[in-house]
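Q: coordinates only, no sequence provided:
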């Protein structure tokens with residue numbers, strides 16, 4: 001990668017379906033890096049199909065998948081003409097596990113292909129996909145599906161993804177690949193690996209799979225050095241994210257006077273050391289402005305990654321009524337974004353927008369993307385989530401002391417994009433995550449307007 005060809009703006013890969021194909025397509029058409037979220041795309045696809053596939057976009061992309069025998073069972077099982085009854089629940093898919101069924105793997109391949117196909121449709125701009133190291137189990141078939149559709153960049157954070165560059169190398173040559181799975185409660189240090197051979201699912205290897213550029217999302221130069229030295233393949237660049245960015249943040253190194261976690265000077269990024277990594281980098285977290293872009297360049301960055309400013313544009317996947325509500329709260333001076341140190345089952349701090357969503361009684365984990373993999377008392381691989389009912393979690397050996405304040409992020413994030421599950425205790429409420437800085441609204445909203453599009457964002461940042 002040479003810096004004269006790199007985008008100045010990376011549109012962040014947010015939530016589950018917030019950074020959707022429509023947003024990424026628009027950003028890429030305007031010369032910047034459009035990014036889709038790779039989180040829970042299998043669930044997103046099947047819920048879009050059950051909602052009637054408004055506009056026919058899912059079926060159009062499905063018709064382009066190279067092996068139609070993989071597609072028809074998905075359509076037969078999930079597509080509902082005109083959409084499901086609003087009072088009925090979505091049909092869920094099985095949570096990801098280390099050894100998934102062929103149907104589950106194929107759904108991951110197809111769903112990731114669909115999102116990238118649509119994001120790249122009709123233009124030749126760059127498109128990326130964002131995955132989370134914390135959500136390991138779906139990643140191998142998901143990456144393969146994205147590569148089948150010609151994804152240009154893979155971005156990954158929420159951990160240290162040392163094994164992913166080598167995965168990209170393997171898959172680009174149609175080779176079997178593997179990934180070591182993080183396992184809790186593993187005193188005997190049982191090694192758990194996941195294997196994926198693309199030839200087992202898509203035997204026709206006439207399709208050329210180009211290796212996408214890999215950008216690691218990091219929070220310090222120390223993590224960057226680790227990636228450069230220990231990753232099993234080449235790291236093409238970095239997104240350097242500070243703690244004001246939305247979604248999951250790295251845990252702070254300090255505490256306040258009451259002993260609670262608190263971000264401070266020890267969490268500031270050392271850009272002198274970042275430059276020594278000798279890789280292109282972009283800066284994320286409250287840099288989405290003309291001044292922010294210039295400040296980033298002055299620090300040696302190619303440009304910025306911007307999330308929140310795109311999340312509330314017309315093209316993003318957040319439900320329109322939620323966008324309107326958040327923008328209205330900002331105008332009234334009542335918008336509150338807090339770093340919740342308890343909400344996420346991952347244990348990572350998580351940014352939450354307070355929109356007064358009701359508390360929900362904890363129910364069985366039915367999506368399972370953020371489950372922990374652990375070794376149970378029989379020495380077998382098992383799964384649990386700190387957002388499950390307490391009795392269930394404790395029975396699985398979980399520590400009850402970490403359950404306080406945990407929320408079901410999986411269901412909450414799907415509700416945010418207008419695909420809420422119908423549960424026995426009501427409709428799942430949205431869980432909205434955003435960065436802390438909304439000052440861009442002062443500059444980007446046109447007079448007497450409560451909305452804007454992605455082109456407005458790009459024009460503003462580059463102005």
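A: Happy to help now that I have it. All figures in this text were calculated on a predicted structure; none of them were measured in a lab.
Q: for the stretch 201-350 of the chain, give me the ranges with low pLDDT.
A: Flagging of the stretch 201-350 of the chain using pLDDT under 70 yields the residue ranges 244-265.
Q: in it, which spans are strands?
A: Counting by DSSP state E, counting those that start in this stretch, one finds strands in the stretch 201-350 of the chain at the ranges 213-218, 237-241, 254-255, 261-262, 281-284, 303-306, 337-340, 350-353.
Q: thought residue 388 was touching residue 407, still the case?
A: No - between residue 407 and residue 388 no contact is recorded; they are 11.8 Å apart, counting by CB atoms under 8 Å. Glycine gets a C-beta too; all of them are placed from N, C-alpha and C.
Q: compare the two (neighbour count), which wins?
A: Each of residue 407 and residue 388 had its neighbours counted (other CB atoms under 10 Å), and the higher figure belongs to residue 388 (25 against 22).
Q: what distance do you get for the residue lying closest to residue 440 once chain neighbours are set aside to residue 191?
A: Counting by CB to CB, 6 or more residues apart in numbering, the nearest residue to residue 440 once its immediate chain neighbours are dropped is residue 309, at 4.9 Å. Remark: distance between residue 309 and residue 191 (CB to CB, to the nearest Å) = 43 Å.
Q: how about residue 72?
A: Residue 72 sits 38 Å away from residue 191, taking CB to CB as the criterion.
Q: still on that earlier bit, so can I have CSV of the strands of the stretch 201-350 of the chain showing mean neighbour count and distance to residue 90?
A: Conversion of those to CSV gives the following (neighbours: other CB atoms under 10 Å; distance: least, CB to CB, whole Å):
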stretch, mean neighbour count, distance to residue 90
strand 213-218, 26, 30
strand 237-241, 25, 32
strand 254-255, 11, 41
strand 261-262, 14, 35
strand 281-284, 26, 32
strand 303-306, 28, 31
strand 337-340, 17, 26
strand 350-353, 22, 24
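Q: how about CSV for these, with distance to residue 290 added?
A: Written out in CSV, the entries for the strands of the stretch 201-350 of the chain read as follows (distance: least, CB to CB, whole Å):
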stretch, distance to residue 290
strand 213-218, 23
strand 237-241, 19
strand 254-255, 32
strand 261-262, 31
strand 281-284, 14
strand 303-306, 11
strand 337-340, 23
strand 350-353, 24
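Q: between these, which gets nearest to residue 80?
A: Counting by CB to CB, residue 80 lies closest to strand 350-353 out of those; the figure is 31.3 Å.
Q: what residues does the following helix or strand past that closest one touch?
A: Next along the chain after strand 350-353, taking DSSP states H and E as the criterion, comes strand 372-375. For strand 372-375, the external contacting residues (CB atoms under 8 Å, 6 or more residues apart in numbering) are 98, 136-137, 181-186, 188, 190, 192, 345, 381-386, 396-397.
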